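Q: Just the structure for this:
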Amino acid sequence: GWDGWRGGRALLEDFSEPTRNAGRGGDLKNIYNLYVYFWRWAMWRVFDRYKAPGIVSFITASSYLRGPGFSGMREEMRRDAERVFIFDLEGDQRGTRITDNVFCITIPVCVGSMVLATTPDRTTPAASNYKRIIGTREEKLEDADASRKFADVAWSAAPSGWLDVLMAGGS
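A: Sure thing, here's the model as predicted:
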């Protein structure tokens, strides 16, 4: 029963409203993707419904990291969590900068994780951490396998503005 959740708001309204308010409503067509619905449901289930500590983590397309239509999604991620970790595996097979993908697909992917250890503070943006993994498929898998916990990774800070990209250097 998603109808009427949060006082009658549509499921992706929290993701689309900030983007629309920033004058980027034409970019919203990009958020109507199945992986975005999975993110929204998991965020609701872990952070909204129970208002408790938790972790949400997915391997998905990486378009939400910088796409203008995903600015509201990035804002909601920063509101729900204390820390956001992005493990960028790249893998674009169609763009101008071709990189190896760890899967047999043509779109870039990342591992995104949201961590909340205490009561959420929706007025302070989550610290965002970014790590790009480069190299061949085998090198990327080896590098990813070497990390056992978040502290094992040499993270770079991503911008902290509500609608900012989730990539170091603002790329």
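
Q: So what sits opposite the residue nearest to the spatial centre of the chain in the bridge?
A: Central residue of the chain (Cα atoms, centre = their mean): residue 112, 5.1 Å from the mean position. On the basis of DSSP bridges, residue 112 is bridged to residue 58, residue 86.

Q: Quick check: it touching residue 85?
A: Yes: at 7.4 Å, residue 112 counts as touching residue 85 under the criterion of Cβ atoms under 8 Å. In this view, the C-beta of every residue, glycine as well, is placed from N, C-alpha and C.

Q: residues of stretch 38-46 that come out buried?
A: Judged by neighbour count using 16 or more other Cβ atoms under 10 Å, the buried positions of stretch 38-46 are 39, 40, 42, 43, 44, 46.

Q: Torsion angles phi and psi at the nearest residue to the third one once chain neighbours are set aside?
A: What that stands for is residue 42. The spatially closest residue to residue 42, leaving aside those adjacent along the chain, is residue 56, at 4.5 Å (Cβ to Cβ, 6 or more residues apart in numbering). Residue 56 adopts backbone torsions of phi -120, psi 130, taken as degrees, to the nearest 10.

Q: ok, back up a step: check the buried residues of stretch 38-46 against residue 12 and report the nearest one.
A: residue 40 (6.1 Å; Cβ to Cβ).

Q: for the closest one, helix, strand, or coil?
A: helix (DSSP: H, G, I helix; E, B strand; the rest coil).

Q: re earlier: ok, now which ones touch the residue nearest to the centre of the chain?
A: The contact partners of residue 112, by Cβ atoms under 8 Å, 6 or more residues apart in numbering, come to 39, 57, 58, 60, 64, 77, 84, 85, 86, 87, 166.

Q: Tell me the one of the residues you listed nearest residue 129?
A: With Cβ to Cβ as the yardstick, the closest approach to residue 129 among these comes from residue 85, at 4.9 Å.

Q: which residues touch the closest one?
A: 111, 112, 113, 114, 115, 129, 131, 150, 153, 155.

Q: Residue 160 - that's part of a helix, no?
A: No: counting by three-state DSSP, residue 160 falls outside a helix, being coil.

Q: Quick check: phi and psi on residue 109?
A: Dihedral angles (degrees, to the nearest 10) for residue 109: phi -130, psi 160.

Q: Which members of the contacts of residue 85 are positioned in helices?
A: With DSSP state H as the criterion, helices contain none of the contacts of residue 85.

Q: top of those by neighbour count?
A: Neighbour counts for the contacts of residue 85 peak at residue 114, which has 24 neighbours (criterion: other Cβ atoms under 10 Å).

Q: That's all I had, so thanks and see you.
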